[in-house]
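> Need a 3D model of the sequence below.
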Amino acid sequence: MIPRFLGQRENANNSQAVSSLTNAKTAADSFYQSNNESYGSSDAVLAAGILAQEPSLAPTGTWAATTPENTVNPKVVYAYRDGAGRNDGAYLCAVSKGTKWYCVHVDGNAATEYASGTGASPASGAAAAALTYSTAGW
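From the prediction side, this is the model:
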């Protein structure tokens, strides 16, 4: 009975992380449109723009633009500006409770790309950029 319960809780946490990313993507798209088709000039500007659109993504009232360390709250989304070669995009990552993580790459001029995995979560924009992305979803 307990293993089944733990599996259900893990699935719920994974679903929350994906839901948070979906909300963050919508907020990032809105910020992009209202910010002259730009995700901002830095991680902090991007994070503030997303947070202004969707305050529920930072339940503690703070927003961590870098260094994901919150593995206990899948509602926190980490935002990284993509300033290297992929136009004006952004990486958004969320960590489920435990070791599962999800990332999405948004670019106002291209298809949304998705990545997920286990183990250490991407702790920087460069780490998020190095992931293998697919347009097929998670």
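> Could you give me the buried positions within the helix or strand in which Q8 is found?
Assigned by DSSP states H and E, Q8 belongs to helix 2-34. Residues of helix 2-34 classed as buried by neighbour count (16 or more other CB atoms under 10 Å): 13-14, 16-18, 20-21, 23-25, 27-29, 31-32. C-beta coordinates here come from the backbone N, C-alpha and C atoms, glycine included.
> helices or strands up against it?
helix 43-53, strand 77-82, strand 89-95, strand 100-107 (3 or more CB pairs under 8 Å, 6 or more residues apart in numbering; DSSP states H and E).
> what does the model give R4 for pLDDT?
R4 carries a pLDDT score of 61 in this model.
> thinking again about what came up before, between the buried residues of helix 2-34, which sits nearest W101?
Among those, A17 lies closest to W101 (CB to CB), at 7.5 Å.
> Same list, the helices and strands packed on helix 2-34, but as TSV with mean pLDDT and distance to S134 please.
Output for the helices and strands packed on helix 2-34, formatted as TSV (pLDDT from 0 to 100; distance: least, CB to CB, whole Å):
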stretch	mean pLDDT	distance to S134
helix 43-53	87	23
strand 77-82	81	17
strand 89-95	86	14
strand 100-107	88	10
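> Select, out of the ones you listed, the one closest to G119.
Closest approach to G119 among the helices and strands packed on helix 2-34 (CB to CB): strand 100-107, 8.1 Å.
> pull the CA atoms of the closest one into PDB?
What follows is strand 100-107, C-alpha atoms only, in PDB (Å, rounded to 0.1, in the frame of the first residue of the first chain):
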ATOM      1  CA  LYS A 100      13.000  14.600 -11.900                       C
ATOM      2  CA  TRP A 101      13.300  17.900 -13.800                       C
ATOM      3  CA  TYR A 102      11.600  19.400 -16.900                       C
ATOM      4  CA  CYS A 103      12.800  22.300 -19.100                       C
ATOM      5  CA  VAL A 104      11.200  24.100 -22.000                       C
ATOM      6  CA  HIS A 105      12.900  26.400 -24.500                       C
ATOM      7  CA  VAL A 106      10.700  29.200 -25.800                       C
ATOM      8  CA  ASP A 107      11.600  31.400 -28.700                       C
END
